[in-house]
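# sequence first, predicted coordinates after that:
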Amino acid sequence: MRGGAGGVGGAGAYGGIAGRSGRGGAGGAGGVGVHLDAGAALVVGASMSVLGGAGGLGGAGAGGESAGAAGLGGAGITASNATITLAGTVAGGLSAAGVRANAITFSGTNNRLELLSGYTIDGNVQGAGATTLALGGSVASSFDMSQMNGTGTQFNGISTLSKEGSGTLTLSGTSSPTNAIAWSVSGGTLDLNGTSQSTTGLTLTDGTLTNGTLSGTITSNNAAISDLRGTAALNVVGNGSITTISGTNTYTGVTSVLDWRTTLRATSANAFSAASEITVGDSATLDLGGFAQKIDSVVLEQFSSLKDGSLSGAILAKGADITNLSGDATLTVEGGGTTSFHGSNTYTGATVLQNSGAIFLSQDNVLSADSETTIHDGAYLDFGDTKQTINKINLAGDCCGGACSPVRPSQLAAEYGIFPVQRRSRPCPARRCSETTAIAERRLSQAERSRPTGIMRSVKQARPRSAPAARSTSVATRRSSTA
């Protein structure tokens, strides 16, 4: 399809479009190849071409006057609120002076141009309103990002870049940070090809993002990420979805695993960016994939999970499940919920319970025997009638300061695996200490009937400031009778 050519301008002082004082008439403008009204869709197949018409020559001047202006070429396609799918050729027409018109000119508020393998565009593309440039298809293709939204670039006025289809799209060039736009990937692979790109945000769904430097926030749903650098942040979303990460990632933005039952899973060693703090939300999972990983900071919110691998870094748990954790990671447990352990945990970093942090154990030998544990006032470690082996336990507090408690729960802890450590915010009422002592004595009696074995009792704790001799003798007698 080709737009009509513009007519030749009339000669000066004669017919046609006569110029004043003998000047030649302007040449006629070339016609538009195809015009699309609102809601229309056009597919230009691989063997098809849409061409704008050529502009006409200006008319000759009379009496020594100049010729008329050259006629402009016509656009290949003009469209308003329409969709164009291009696998063939679109070209703007040439003016009589050799200047090419736009290949595609959009108007309106919502337009879409999809480029498939083998397309040819001769001339510029001018977007308007919300204009999406869709790239991809089922075969490999490439695109030069330096031709996007800049001075003298071929593609202008584009608001969204969309990678679609099962093929691999390989980028070249660098996008302009000052004209960054939104990106989306909904299939196949977007290969940044070692380039540096800027976005206002990238939505990654059922596709792969790999090999380059990126700014902006990535929102990933059931997707794959590898070899990512730059200042990008990563949000993992999608109820029940799994996003995988592999290769060498060094991006510095925060990683957040947000939605219910969402998983971020490593598929190679050291796949996570050590410089990216990872926060795991309610019912979400950080899966180390059975590999050794280094993450400087991991925050486990209530009901979240961390599992299956070796970790180096600092973990803050606020009521999480931890399963099969090894490495030299440190663990700080704080309030917000009860943290629990499962499987075989052998990490060697310190475990610290503070700020009302709580650990409850429901299985034997799930605590790391190689982790030194410190329990601060207000925190709680409950063995739950299980058997555990612990390298060392440091008790950083006692019941009501120790002076008014005949039997201290911290003393029971060393012998029977019961660790209630209560916060003292004001002088201890005698009644509270009496109640605490009664509870401790009941737990002691229960523990004597089914005393757990395999507990290493190396405990650092302050000497009681005072303890009635009769009570201490009674406790010693009970321990002796159960030995």
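Structure received.
# what's around N193, how many residues?
Applying other CB atoms under 10 Å, we find 16 residues neighbouring N193. The way it works is simple: take the backbone N, C-alpha and C, and place the C-beta from them, glycine included.
# whoops, S268 was the one
S268: 14 neighbours (other CB under 10 Å).
# going forward can the numbers begin at 369, since that is how I track them
Sure thing, new numbering starts at 369, so read that last one as S636.
# and the residue lying closest to A747 once chain neighbours are set aside, what is it in contact with?
In space, and not counting its chain neighbours, A747 is closest to L721: 3.5 Å by CB to CB, 6 or more residues apart in numbering. Contacts were defined as CB atoms under 8 Å, 6 or more residues apart in numbering; by that measure L721 touches V701, I727, T741, T742, I743, H744, A747, Y748, L749.
# and these, which is the shakiest by pLDDT?
Lowest pLDDT of these: Y748, 86.
# identify the residue spatially nearest to it, adjacent ones excluded.
Using CB to CB, 6+ apart, the nearest residue to Y748 is A726, at 4.4 Å.
# my guess is the one you found contacts G746. True?
No. In this structure, A726 is not within contact of G746 by CB atoms under 8 Å, at 9.7 Å.
# correct me if wrong: L632 contacts N617.
No. With contact defined as CB under 8 Å, L632 does not reach N617; the gap is 11.5 Å.
# more crowded one of the two?
Neighbours per residue, other CB under 10 Å: of L632 and N617, the larger number sits with L632, 26 against 22.
# tell me which residues form a beta bridge with the more buried one?
Taking DSSP bridges as the rule, L632 bridges to T611, L654.
# mind listing what it touches?
Shown here is L632, whose contacts under the criterion CB under 8 Å, 6+ apart are 604, 610-613, 623, 625, 646, 648, 652-655.
# how about H403?
Contacts of H403 by CB under 8 Å, 6+ apart are I445, T446, A447.
# over to G677?
A634, D655, L656, G657, G658, F659, A660, Q661, N692, L693, S694, G695.
# return the closest of the contacts of L632 with respect to V412.
Using CB to CB, T611 is the member of the contacts of L632 that lies nearest V412, at 36.1 Å.
# in terms of pLDDT, where does the closest one sit?
pLDDT at T611 comes out at 98.
# and it, how far is that from G504?
Per CB to CB, to the nearest Å, T611 is found 20 Å from G504.
# ok, now A737?
53 Å.
# neighbour count winner among those two?
Applying other CB under 10 Å to A737 and G504 shows that G504 carries more neighbours, namely 27 against 14.
# tabulate the CA atom coordinates of the longest strand belonging to the chain in PDB.
Counting residues, the longest strand in the chain under DSSP state E turns out to be strand 673-685. Provided in PDB are the C-alpha atoms of strand 673-685 (Å, rounded to 0.1, in the frame of the first residue of the first chain):
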ATOM      1  CA  SER A 673      10.000 -19.000  56.300                       C
ATOM      2  CA  LEU A 674      13.800 -19.500  55.700                       C
ATOM      3  CA  LYS A 675      15.000 -22.900  54.600                       C
ATOM      4  CA  ASP A 676      17.400 -25.300  53.000                       C
ATOM      5  CA  GLY A 677      20.900 -24.100  52.700                       C
ATOM      6  CA  SER A 678      24.100 -22.500  54.100                       C
ATOM      7  CA  LEU A 679      23.900 -18.800  54.900                       C
ATOM      8  CA  SER A 680      26.500 -16.200  55.800                       C
ATOM      9  CA  GLY A 681      25.000 -12.900  57.100                       C
ATOM     10  CA  ALA A 682      22.700 -11.500  59.800                       C
ATOM     11  CA  ILE A 683      19.100 -12.800  60.300                       C
ATOM     12  CA  LEU A 684      16.400 -11.000  62.200                       C
ATOM     13  CA  ALA A 685      13.400 -13.200  63.000                       C
END
